[in-house]
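> structure of the sequence below:
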Amino acid sequence: MIELVGSRLAEHRLVCLVGPGGCGKTRLAIEVFISVPTVKSHINSIFAKVGTKNRGQLAAAAHRIEAP
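Here you go, the predicted model:
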């Protein structure tokens, strides 16, 4: 998993759910028990922390970090 220093638990859970074939924002909101605007905010925060611009890049970065 990508190390998100100073991240909220919700952000860690979102990274897990975003992966390849990941969930849409509404599904993410339901899974993490937050609103869709909050999901958008968390995802943008994650992008900034990891240095990615979209969910595909985030999933690829997570895969590179987890690979042996």
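> what number of residues are in the vicinity of V39?
Residues lying near V39 (other Cβ atoms under 10 Å) number 23. C-betas here are computed from N, CA, C, even on glycine.
> phi, psi for Q57 please.
Backbone geometry at Q57, expressed as degrees, to the nearest 10, gives phi -60, psi -40.
> how close does it sit to F47?
Q57 sits 8 Å away from F47, taking Cβ to Cβ, to the nearest Å as the criterion.
> what does K53 give?
K53 is 6 Å from F47, by Cβ to Cβ.
> these two: who's more crowded?
Ranked by neighbour count (other Cβ under 10 Å), K53 and F47 place F47 first, with 16 against 10.
> contacting residues for the more buried one?
K53, N54, Q57, L58 (Cβ atoms under 8 Å, 6 or more residues apart in numbering).
> could you measure from the third one over to F33?
Using Cβ to Cβ, Q57 is found at 26 Å from F33.
> what's the neighbour count on N54?
N54, neighbours per other Cβ under 10 Å, totals 10.
> for it, grab phi and psi.
Per degrees, to the nearest 10, the backbone of N54 is at phi -150, psi 170.
> quick check: closest non-adjacent residue to it.
Nearest residue to N54, sequence neighbours excluded (Cβ to Cβ, 6 or more residues apart in numbering): F47, at 7.4 Å.
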